[in-house]
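Participant: Have a look; sequence and predicted model below, questions after that.
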Amino acid sequence: MENILVTGGAGYVGSGLLRELLSEDYKVTCVDNLMFGGESLLDIWHNENFNFIKCDVNDWGDFNKILTNNKFDAVIHLAAIVGDPACRMQSELATQTNWESTKWLLDKCVELGIPKFVFASTCSNYGKMDDPESYVDEESTLAPVSLYAELKVKFEKYMLDEIDRNTNFSPTSLRFSTVYGLSPRMRFDLTVNEFTKDLALGRELIIFGEKFWRPYCHVKDFARLIQMVMEAPSDKVSFEVFNAGGEINNATKQMIVDMILKKIPNGKVKYQEHGSDPRNYRVNFEKVKTVLGFQPKYSIQDGIDELVDAIDNHIFDHVDENRNFHGNYEINYRISK
């Protein structure tokens, strides 16, 4: 049985990943500072293969003890200050977490001989395309337009250019599409989820930049892809970057709205001009499909349908009251000194 460390495992993507790994009988240690609470861990708390350690990735002393006192076969690094708004509001914390501590963790994995390292990057690294009709792939020019993406690009470059390749260490970067769908730790500050929530609650949805493209991917598909990378032969994934998603889920905001209106035909939508969305890109996913055989199981429409059903059945408390309760906007946290 392999022993896996997942940082940020109580989060939106991580909480789903934990369940995926445990269902396959992996031994899983989750390290999380519980910035947004730990309720997402309750139903797996007594799983004999699950271990939780409350720790912050910026606390290098305590984190070093975790790494040295356990023999991990892989580290899946999801812990981060996630998204443009959160990084903009807490730029110092974002820089320490998403760059300095992530670099420290990678170096420590190399030092300790941990074989595999999977890094959660972002398709936002591509920024705005010069030609909206074209597709970007893993070899395309990176043009980040936010601190969040800049730090992801900086770490990718360090991982690919500065780490010795003449070892058994196998790091992989997954450039995540914009995620959507139901998760044990729900977020409603992401495009598909937020649009669906507002219309499901009978609110008027105001749309800016309805013609701009983005790639999307269901949270369960991300969990499956991460596991595929972890289980793949090293010669397929070592020092590789993969766009994480599938062609079926490249979409404009208008396309997403049209899909939601299939489920909520009386939804109210208003379109407004608001300059240019700096993130406008369509992504080619041929590499992840060819090398790993990955294709999404869930369409955007699947995600919308499950979200509407969950909201209509009052699954979520406070969803119509507090934006921060199901989002990554509010950060009541200071960097450890």
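Facilitator: Cool, the structure landed.
Participant: Name the residues that touch stretch 78-89?
Facilitator: Contact partners of stretch 78-89, identified using Cβ atoms under 8 Å, 6 or more residues apart in numbering, comprise 6-9, 11, 13-14, 17, 31-33, 57, 90, 93-94, 97-98, 102, 120, 124, 146-149, 151, 189, 328-329, 331. C-beta: built from backbone N, CA, C; applies to glycine.
Participant: End to end on that stretch, go ahead and measure it.
Facilitator: Chord length of stretch 78-89, first to last residue, is 20 Å (Cα to Cα, to the nearest Å).
Participant: tell me which residues in it are buried?
Facilitator: L78, A79, A80, I81, V82, G83, D84, A86, C87 (16 or more other Cβ atoms under 10 Å).
Participant: May I ask which helix or strand encompasses the fifth one?
Facilitator: Spelled out, that is V82. Counting by DSSP states H and E, there is no helix or strand that carries V82.
Participant: Kindly provide the distance from it to V179.
Facilitator: 10 Å (Cβ to Cβ, to the nearest Å).
Participant: likewise the third one?
Facilitator: Computed with Cβ to Cβ, the distance linking A80 and V179 is 13 Å.
Participant: go on, the last one?
Facilitator: With distances taken as Cβ to Cβ, C87 is found 16 Å from V179.
Participant: What distance do you get for the residue nearest to E24 when sequence neighbours are not counted to L174?
Facilitator: Take E24 and drop its neighbours on the chain: the residue closest to it by Cβ to Cβ, 6 or more residues apart in numbering is Q227, 7.0 Å away. Q227 sits at a distance of 12 Å from L174 (criterion: Cβ to Cβ).
Participant: who has more neighbours, these two?
Facilitator: More crowded of Q227 and L174, by other Cβ atoms under 10 Å: L174, with 24 against 19.
Participant: So the more buried one belongs to a strand, correct?
Facilitator: Yes - applying DSSP: H, G, I helix; E, B strand; the rest coil, one finds L174 inside a strand.
Participant: looking at this, the residue nearest to E24 is in a helix?
Facilitator: Yes - assessed with three-state DSSP, Q227 lies in a helix.
Participant: How about the contacts made by it?
Facilitator: Counted by Cβ under 8 Å, 6+ apart, Q227 has contacts L17, E20, L21, E24.
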